[in-house]
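1. For reference, the sequence and a predicted model appear below.
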Amino acid sequence: MARRIPSAPELHRRAVATYVAAGGEESVQRVITAVQSLTKKLDQWYVRQLADLDMTAGEWAVVTSLAKAGEPLTPSQLADLTNVAPSSMTHRLDKLAGRGLIERTPDDTNRTRVFVSLTEEGWQLFSLAIRGSDVVESDVLQDLSDQERGELARLLEVVIDRLDDIDA
């Protein structure tokens, strides 16, 4: 007899009950478990999306860092932003440059420094990926009104503001 696969809400309720039984505070566990479940499910989708784009998570981290910076960055800055060793960054930049997604430009004031920026093709790939993920993300939030989405975003931003205060 085949076992029924529990639904996402059922898995969520079980996880919260387990954490509460172990001494966790229920309202805290409901929020944290929900955020973790959402992140896990979206990450699964993002992995498939990156595979479709023929891109690794590390390469995507470089592309998004450059897009969010809005200005050229040095390889060292990119390594810091993406939490990788400089040698790993060089390899990623080589691959991205080979695909025409980034360009390296020498610094006019310091001959040993190079700036990295997205090419038009790199920006188009970034934009395509964001539009694709927006469809899935909108679907996840479809049962919330615009006002509820705004309130959820506001509440999560309050939580995010506390992250720097936590010494983990």
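-> On my side now, so go ahead. Numbering: from 1, shown residues only.
2. rest of the way, CA atoms for contacts and neighbours
-> OK.
3. what's the average pLDDT for the host helix or strand of residue 161?
-> Using DSSP states H and E, residue 161 sits in helix 146-162. Across helix 146-162, pLDDT averages out at 94.
4. now do stretch 103-115
-> What stretch 103-115 shows for mean pLDDT is 91.
5. Quick check: end-to-end length of that stretch?
-> 8 Å (C-alpha to C-alpha, to the nearest Å).
6. low-confidence ranges in the protein?
-> Low-confidence segments of the chain (pLDDT under 70): 1, 168.
7. Now do the strands in it.
-> 102-106, 114-118 (DSSP state E).
8. Counting by contacts, list what the last one packs against.
-> The reference is to strand 114-118. helix 57-69, helix 75-82, strand 102-106 (3 or more C-alpha pairs under 8 Å, 6 or more residues apart in numbering; DSSP states H and E).
9. what about 7 Å?
-> strand 102-106 (3 or more C-alpha pairs under 7 Å, 6 or more residues apart in numbering; DSSP states H and E).
10. Centre of the chain to the strand it packs on, how far?
-> Centroid displacement of strand 102-106 relative to its chain, using C-alpha atoms, centre = their mean, to the nearest Å, is 24 Å.
11. ok, now stretch 11-25?
-> 26 Å.
12. Check stretch 93-108 too.
-> Offset of stretch 93-108 from its chain centre (C-alpha atoms, centre = their mean): 22 Å.
13. which residues sit against it?
-> With C-alpha atoms under 7 Å, 6 or more residues apart in numbering as the contact definition, stretch 93-108 has outside contacts at 113, 114, 115, 116, 117, 118, 119, 121, 122.
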